[in-house]
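K.L.:
Just need the structure, nothing else, for what follows:
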Amino acid sequence: MKPFDAISSATDWRFLSATVLALVSLQSLAAGDSCETRSQAGRVAVLELYTSEGCNSCPPADRWVSALPARGFASDRVIPLAFHVDYWDQLGWPDRMAKAQFGARQRRQVQRNRASVVYTPQLLLNGAEYRSSASDSSFGNRVAEFNRLPPAADLILRQRLAASAVEVELDMRLDLAPPGSSARTYIAVTENRLQTAIKAGENQGKLLNHDFVVRELIGPLPSDTAGGVHWKSAMTLRADWKRPDISLVAFVQDELNGEILQALRAALCTGP
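P.N.:
I've put the predicted structure just below:
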């Protein structure tokens, strides 16, 4: 792990406050080019990985996260989000998936945990720092403990696919509202099976593979006076995104302590 005590400031991507939910059971319904996914009865954990292709200690963490589904950690238990940060870019290799926005999110998360240093690779489980190894059995125990919590929010995600975009509609209803209306709702676009041949920097000569890569992060979404969210927008699908590997992740987080109130993941609607 490599500490880094200064990152570039990022544009504030807030679209307003948000709120959230009270879960049902996970189900996806496809009708033509439309799909609907509902959050489930148990609470789903979110694992954030902050990583960079310019960091030579990051590939083992990337592989550990990629292997989670094969180890029994499917998206009904824990949803990984791999945020590629840009503060390594000036050290020899520009990461094509990195955004200043993601480094800014990492810094806010670290400040919430009353820490003074951000670094890569860094793992946050439900907003709290998680230090792990590939053989760390405590991860399963912590995820299982979290899954047993009652859901604090309910999410319904609807998709309608178009030629080069997807129309997304999200409804969120809070069940157990955090004090001071501190719930925030986000949507992430993620992509699996990404590969890069590194030609410079600390990983020069390596072929790196990535999964759960966050391509876009939208939010916090606007909330109504009751703390709920009804949000609808058309999201452009970039030409370099592989549609079979794209997923949408909706999650609600307590802004004060980082706790995940509920989350769901839905594969991109395939259409007719």
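
K.L.:
quick one: low-confidence ranges for this structure?
P.N.:
Counting by pLDDT under 70, the ranges of the chain that qualify are 1-33, 133-135, 177-180, 271-272.

K.L.:
State the three-state secondary structure for Q111.
P.N.:
Assigned with DSSP: H, G, I helix; E, B strand; the rest coil, Q111 falls in the helix class.

K.L.:
May I have the beta-bridge partners of the spatially most central residue of the chain?
P.N.:
Closest to where the C-alpha atoms of the chain average out (CA atoms, centre = their mean) is L81, at 3.5 Å. Beta bridges link L81 to E48 when assigned by DSSP bridges.

K.L.:
Run through the residues that contact it.
P.N.:
By CB atoms under 8 Å, 6 or more residues apart in numbering, L81 lies in contact with V46, L47, E48, L49, A188, T190, F212, V214, V249. Every C-beta, even on glycine, is put in place using the N, C-alpha and C of the backbone.

K.L.:
Tell me which helix or strand the residue in the chain sticking out farthest from the centre sits in.
P.N.:
Centroid-distance maximum for the chain: G205 at 28.7 Å, with CA atoms, centre = their mean. Using DSSP states H and E, G205 maps to neither a helix nor a strand.

K.L.:
Next: the one 3 residues further on.
P.N.:
For L208, the enclosing helix or strand under DSSP H and E is strand 207-210.

K.L.:
What are the buried residues along that strand?
P.N.:
By neighbour count on 16 or more other CB atoms under 10 Å, the buried set for strand 207-210 is L208, H210.

K.L.:
strands paired with that strand, and their directions?
P.N.:
Applying DSSP bridges to the sheet, strand 207-210 is found paired with strand 194-197 (antiparallel).

K.L.:
what's the most distant pair in the contacts of L81?
P.N.:
L49 and V249 (13.4 Å; CB to CB).

K.L.:
re the thing from before, what does the helix or strand following the strand holding L208 contact?
P.N.:
Heading C-terminal from strand 207-210, the first helix or strand you meet, by DSSP H and E, is strand 213-218. Strand 213-218 has contacts (CB under 8 Å, 6+ apart) with 13, 15, 81-84, 97, 101-102, 105, 186-192, 194, 233, 235, 238, 241, 246.

K.L.:
try it again with 7 Å
P.N.:
Applying CB atoms under 7 Å, 6 or more residues apart in numbering, the external contacts of strand 213-218 come out as 13, 15, 81-84, 97, 101-102, 186-191, 194, 241.

K.L.:
Might you quantify the distance of the following helix or strand past it from its chain's geometric centre?
P.N.:
Toward the C-terminus, strand 213-218 is succeeded by strand 229-236 as the next helix or strand (DSSP H and E). Relative to its chain's centre, strand 229-236 lies at 17 Å (CA atoms, centre = their mean, to the nearest Å).

K.L.:
And for stretch 43-50?
P.N.:
7 Å.

K.L.:
likewise stretch 261-272?
P.N.:
Centroid separation for stretch 261-272 versus its chain: 13 Å, with CA atoms, centre = their mean.

K.L.:
which of L49 and V249 has more neighbours?
P.N.:
L49 (26 against 23; other CB atoms under 10 Å).

K.L.:
Am I right that the more buried one is in contact with A61?
P.N.:
Yes - here L49 lies in contact with A61, judged by CB atoms under 7 Å, at a distance of 6.2 Å.

K.L.:
Torsion angles phi and psi at C35?
P.N.:
In terms of degrees, to the nearest 10, the main-chain angles of C35 are phi -140, psi 150.

K.L.:
related to what we said a few turns ago, now distance to P151 too, for the contacts of L81, in a markdown table please.
P.N.:
Listed next are these as a markdown table, based on distance: CB to CB, whole Å:
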| residue | distance to P151 |
| --- | --- |
| V46 | 13 |
| L47 | 18 |
| E48 | 20 |
| L49 | 24 |
| A188 | 19 |
| T190 | 22 |
| F212 | 22 |
| V214 | 23 |
| V249 | 16 |
